[in-house]
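[1] Below: sequence and its predicted model.
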Amino acid sequence: MKRGYTLIWLIPLILAISLLPVIAHSVIYRETIFLILMYITLAVSLNIILGYTGYVSFGHIVFYGIGGYTSFYLMYRFGVHLILAMIMGGILSAIIALIVGEAVLRLRGAIFAIATIGINEAIKSLVTNLQFLGGATGMFFNFKIYKTYGGAAKAIWFAYWIMVVVTIICLLTSYFIKNSKFGYGLFSIREDEDAAVVLGVNTKRFKSIAFAISAFFPGLVGAIFFFKAGNIEPDDAFHLVKSIEMIFMVMLGGFGTVSGPPIGALLYERLKGILLINPLFKNLHMAITGFILLIIILFAPGGIVGWFRNRFKKLRSLLE
Amino acid sequence: MILNVENVTKKFGGLVAVDHVSFQVKKQEILGIIGPNGAGKTTLFNVISGVYYPEEGKIFFNGRDITKVPSYKRARLGIARTHQIVKPLNELTVLENVMVGACFGKTGASLKQGMAIAGEVLDAVGLGHKRDVITVKLNVPEKKRLELARALASGPEVILLDEVLAGLNPTEADEMLQVILKIKESGITILMIEHLMHAIMKISDKIIVLDHGRKISEGSPQEVASDPKVIEAYLGDPDLALRLIKSKGNTL
């Protein structure tokens, strides 16, 4: 176990990308990069349970929805500040992950994946039927809410910078887990859970904690996204396609690595952008995504980062 | 008595895999466990290491009742094991595999200490040169040694060896026996399941024989080898056994 140098380029890269909209004075850049940062955080957090622990959380977007709804409700109803509402959204996501995990983390393989889809759909229909959360039509912000932040324009920039901070904290978390004793416990669960438990790993607790951490960050992201959007509805908050996108980003970049998911997220956002503005492909983007996923699984199961690590051994300390 | 197994029964549905088995192991002793295929030897190991809880009976480790203690806690108390069907952490390096043992077992090492311990243990079992290899690339005998290294790195008081000699050629098996004797000298108690009769007879202080889940014999290697019940279990025909005893003397 040698500490790698991944963060030396990864964090500056994220900061550089984040500063682009300021340097270019561009609102369009800001929107694009907000999405990239959001994807990065979603992919990196999913990677903690999927890549490190080996549990395919297929309905992971549920935590984004829970965080989004919790914080939106707090801001909408009680005028709670974004930062506080966001943290509460994240914490509630993590708590729900702990409770749900108690049941579903006993399952393994495909059954676990299917169970997580079920949870997403169940919570979606629950929210759709809760009138205080706006039911199927969801909730809309009154413009007044943005006043606290100095008006709508400033509020959006504020949300942007919060997103930058969350992304960096998420990356640091992922890095430190990867290089910790806790991380090695997770890897041993991924490789052989029965061996791990006999070696002294408290697999049940480790899985729960990993699941809670990987649910916390999507909770934060959901809070920021829906604050910025100004409205929230069940179909957006618990959109299963987003879950598939998260898995795709992790697999594309390289699951189980620190740098893979951010790279995968960056590439996916760009790919999606190109496909969606192309009249020929705009309806086919999920089909093309699926095809690429198939190619990755067949020919480069380690994703882009895994492929480079195998090819160029010297790059290993830079590409964790 | 470091380990005391009292009247343990483990059933799978209607099948009684381990049937009221009792035995005791003294500190620094090597206990050999033999028996035909399907006799319940590995199930017995699974019960001792906590993979299964027995339906009846109790297990005491250093005088403490561990019958209901979960597997990972037993590892931390100092019970380590290897698996008959190896369970390597495939995508980790050999060193990292052993580090997991050192970090989460009784040793409870930090990552840094774990790395140092893992390096030493790998040298001791003769895998030092493979430390940075991804485990999936090892061959079966190497994986067996890795299992042993991982168990040793956890700093156990008792180690359960499930057919560590199987699949090794005679030279490798001899080397492995030397390693096992060294483990014993370092103060560790060993329970081993083995099919290589001459090896287990040579190395064990005491042997128990299982057949259809029941303990049919217990004693020194000589006593066990001359027990007609043991011969019957292995050869199935008591008359044949008697003839063999007459013609070959009291050996298996």
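    Noted; the coordinates are in hand.

[2] quick one: residue B:51 and residue A:193, what's the gap?
    To residue A:193, residue B:51 is 12 Å away according to C-beta to C-beta, to the nearest Å. For the C-beta atoms, the positions are set from N, CA and C on the backbone; glycine is no exception.

[3] With residue B:162 instead?
    The value you get for residue B:162 to residue A:193, if C-beta to C-beta is used, is 18 Å.

[4] Can you pick out the residue with more neighbours from these two?
    Each of residue B:162 and residue A:193 has its neighbours counted (other C-beta atoms under 10 Å in any protein chain shown); residue B:162 has more, 24 against 19.

[5] Just the mean pLDDT for stretch B:209-218, thanks.
    For stretch B:209-218, the mean per-residue pLDDT is 94.

[6] What pLDDT is listed against residue 193?
    Let's take chain A. Looking at residue A:193, the pLDDT reads 96.

[7] wrong one, I was asking about chain B
    Here, the pLDDT recorded for residue B:193 equals 95.

[8] Show the contacting residues for it.
    Residues in contact with residue B:193 (C-beta atoms under 8 Å, 6 or more residues apart in numbering or on different chains) are B:32-34, B:41-42, B:45, B:84, B:161-163.

[9] for it, phi and psi?
    Here is the backbone geometry of residue B:193 (degrees, to the nearest 10): phi -100, psi 130.

[10] any idea how far residue B:41 is from it?
    Noted for residue B:193: a distance of 5 Å to residue B:41, by C-beta to C-beta.

[11] list residues touching both of the two?
    Any residue near both residue B:193 and residue B:41 by C-beta under 8 Å, 6+ apart counts here, and that gives B:33-34, B:162.

[12] Just to be sure, which of those are found in strands?
    Among the shared contacts of residue B:193 and residue B:41, DSSP state E puts B:33-34, B:162 in strands.

[13] lowest-pLDDT helix or strand in the chain?
    Chain wasn't specified; assuming chain A. helix A:285-299 (a mean of 88; mean pLDDT, DSSP states H and E).

[14] partner residues bridging the residue nearest the centre of chain B?
    For chain B, the residue nearest the mean C-alpha position is residue B:161 (2.2 Å; C-alpha atoms, centre = their mean). In this structure, residue B:161 bridges to residue B:192 when assessed by DSSP bridges.

[15] Just the buried positions in the least confident helix or strand of chain A, please.
    For helix A:285-299, burial by neighbour count (16 or more other C-beta atoms under 10 Å in any protein chain shown) applies to A:285, A:289, A:292, A:296.

[16] Can you pull the poorly scored residue ranges out of chain A?
    Confidence mapping of chain A against pLDDT under 70 gives the ranges A:1-3.

[17] how about the residue lying farthest from the centre of it, what does it touch?
    Largest separation from the mean C-alpha position in chain A: residue A:198, at 31.7 Å (C-alpha atoms, centre = their mean). Going by C-beta under 8 Å, 6+ apart, residue A:198 touches B:49-51, B:71-72, B:75, B:81, B:83, B:87.

[18] Now do the helices in chain A.
    Taking DSSP state H, the helices of chain A run over residues A:6-23, A:27-47, A:61-78, A:82-104, A:109-128, A:152-178, A:181-191, A:193-198, A:203-229, A:234-237, A:240-253, A:260-277, A:285-299, A:303-311.

[19] Mind giving me the packing neighbours of the last one?
    This points to helix A:303-311. The contact analysis (3 or more C-beta pairs under 8 Å, 6 or more residues apart in numbering or on different chains; DSSP states H and E) places helix A:303-311 against helix A:240-253, helix A:260-277.

[20] and the shortest one, C-alpha only, in PDB?
    Output in PDB follows, covering the C-alpha atoms of helix A:240-253 (Å, rounded to 0.1, in the frame of the first residue of the first chain):
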ATOM      1  CA  LEU A 240     -34.300   5.600 -12.400                       C
ATOM      2  CA  VAL A 241     -32.500   6.600 -15.600                       C
ATOM      3  CA  LYS A 242     -30.200   8.800 -13.500                       C
ATOM      4  CA  SER A 243     -29.300   5.800 -11.400                       C
ATOM      5  CA  ILE A 244     -28.300   3.900 -14.600                       C
ATOM      6  CA  GLU A 245     -26.200   6.900 -15.600                       C
ATOM      7  CA  MET A 246     -24.400   6.900 -12.300                       C
ATOM      8  CA  ILE A 247     -23.500   3.200 -12.700                       C
ATOM      9  CA  PHE A 248     -22.400   4.000 -16.300                       C
ATOM     10  CA  MET A 249     -20.100   6.800 -15.100                       C
ATOM     11  CA  VAL A 250     -18.500   4.600 -12.500                       C
ATOM     12  CA  MET A 251     -17.900   1.700 -14.900                       C
ATOM     13  CA  LEU A 252     -16.700   4.000 -17.700                       C
ATOM     14  CA  GLY A 253     -14.100   5.600 -15.500                       C
END
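
[21] The nearest residue to residue A:90 once chain neighbours are set aside - how many residues pack around it?
    Distances taken as C-beta to C-beta, 6 or more residues apart in numbering or on different chains put residue A:219 closest to residue A:90, at 3.8 Å, once the chain neighbours are dropped. Neighbours of residue A:219 under the rule other C-beta under 10 Å: 31.

[22] Please verify my assumption that residue A:219 contacts residue A:61.
    No. Using C-beta atoms under 8 Å as the test, residue A:219 is too far from residue A:61 to be in contact (11.1 Å).

[23] about what we covered before: quick check, the residue nearest to the centre of chain B in contact with residue B:189.
    No. Contact criterion C-beta under 8 Å: residue B:161 and residue B:189 do not qualify, at 11.2 Å.

[24] ok, so what distance separates whatever residue of the stretch 101-250 of chain B ends up closest to chain A from residue A:201?
    The stretch 101-250 of chain B approaches chain A most closely through residue B:104 (3.6 Å), counting by C-beta to the nearest C-beta. From residue B:104 across to residue A:201, the span is 5 Å (C-beta to C-beta).

[25] who touches both of the two?
    Shared contacts of residue B:104 and residue A:201, defined by C-beta under 8 Å, 6+ apart, comprise A:185, A:188, B:72.

[26] which one is residue A:175 nearest to, not counting chain neighbours?
    Residue A:175's closest residue in space is residue A:258 (C-beta to C-beta, 6+ apart), at 5.0 Å.

[27] how about the residues of chain A near chain B?
    Residues of chain A lying near chain B by C-beta under 8 Å from any C-beta of the partner chain: A:1, A:179-181, A:184-185, A:187-188, A:190-192, A:194-203, A:256.

[28] run the last query once more with 7 Å
    Where chain A comes near chain B, counting by C-beta under 7 Å from any C-beta of the partner chain, the residues are A:1, A:181, A:184-185, A:187-188, A:191-192, A:194-195, A:197-203.

[29] Give me the domain ranges for chain B.
    Following automatic domain parsing, one finds the domains of chain B at B:1-78+B:158-221, B:86-156.

[30] okay, now the closest residue to residue B:3 other than its chain neighbours: neighbour count?
    Spatially, and ignoring its direct neighbours in sequence, residue B:3 is nearest to residue B:25 (4.3 Å; C-beta to C-beta, 6+ apart). The tally of other residues near residue B:25 (other C-beta under 10 Å) stands at 22.
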